[in-house]
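> Build me a model from this:
(one chain, ligands or ions: 1)
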Amino acid sequence: MTAPATPVIPQFFFPTWLVTSGLGMPPVCAPHGAPGPVGVKAKIESSPPKWTYLLLLLGALPYIIVAAAMTKRVQAPLWPVCPQCTKQAQTLKLIGTLSLLMVPASCAGPSILAKGADLGAVVGWLSFVLAVAFFIGGAASFWFADPARVARAWLTNDGAYIQVKRPAPAFCQAVTERLQLHVPVPVPPTV
Ligand SMILES: [Zn+2]
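Modelled structure (predicted):
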């Protein structure tokens, strides 16, 4: 006989002031619902508007500049992180480091292997594609290793709420209980 599956909560919203006001997050981690996590500094960001992806047609740099300018961020002084969250972040950083180390290796490796063979252009392109892929993979791994991203926590575009995707039910319950303890501080409307 198997235990009944825990229901998956697709997303959960709570006001940003709980994170930033110093009232404090409950001692439960968001993705795993583990009690007794440690609090770490975390930056929670909004996802840039969809239209910014069109700028990728002009190249990576215009997209990065505009997306960074359009992204809202808040600092969480004590974001709850459990040992499993920490392990996930460490694994991602390890993958990121190995992937970045492969960038120079993928530039030099194929050239050495193909030394003397008449495959210069093919080897050059292969090296280039491999190096770019390892670089993007490495950068993405470090990007996902951020504590708020491990927790799948995002700021809404108006900055008023934190959205956690697929949170642990224990986390939702603990946040709801914590909110009921405090009179909500009105969040000023953002333009
Ligand atoms: Zn956790």
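
> per-residue pLDDT, the residue nearest to residue 14 when sequence neighbours are not counted?
In this structure, residue 14 finds its nearest non-sequential neighbour in residue 175, 5.0 Å apart by CB to CB, 6 or more residues apart in numbering. C-beta: built from backbone N, CA, C; applies to glycine. Per-residue confidence (pLDDT) for residue 175: 93.

> Quickly find the element holding residue 175.
helix 169-181 (DSSP states H and E).

> outside of that helix, which residues touch it?
6-7, 9, 12, 14-15, 18, 23-31, 33, 35, 164 (CB atoms under 8 Å, 6 or more residues apart in numbering).

> Let's see which of the residues you listed end up in strands.
12, 14-15, 164 (DSSP state E).

> which of the contacts of helix 169-181 are close to the ion?
Contacts with the ion are made by residue 29 out of these, judged by CB under 5 Å from the ion.

> Show the buried residues in the contacts of helix 169-181.
12, 14-15, 18, 25-31, 33, 164 (16 or more other CB atoms under 10 Å).

> From those, pick the one nearest the ion.
residue 29 (3.3 Å; CB to the ion).

> Could you pull up the residues touching the residue nearest to that closest one when sequence neighbours are not counted?
The shortest distance from residue 29 to any non-neighbouring residue, by CB to CB, 6+ apart, is to residue 82 (4.0 Å). By CB under 8 Å, 6+ apart, the contact set of residue 82 is 29, 32, 34, 36-37.

> Now the most centrally placed residue in the chain: which helix or strand?
Centroid-nearest residue in the chain, with CA atoms, centre = their mean: residue 149, separated by 2.6 Å. Element membership for residue 149, per DSSP H and E: helix 147-150.

> Identify the residues contacting the residue nearest to residue 152 when sequence neighbours are not counted.
Using CB to CB, 6+ apart and skipping the chain neighbours, the partner closest in space to residue 152 is residue 165 (4.1 Å). By CB under 8 Å, 6+ apart, residue 165 lies in contact with 10-11, 152, 154.
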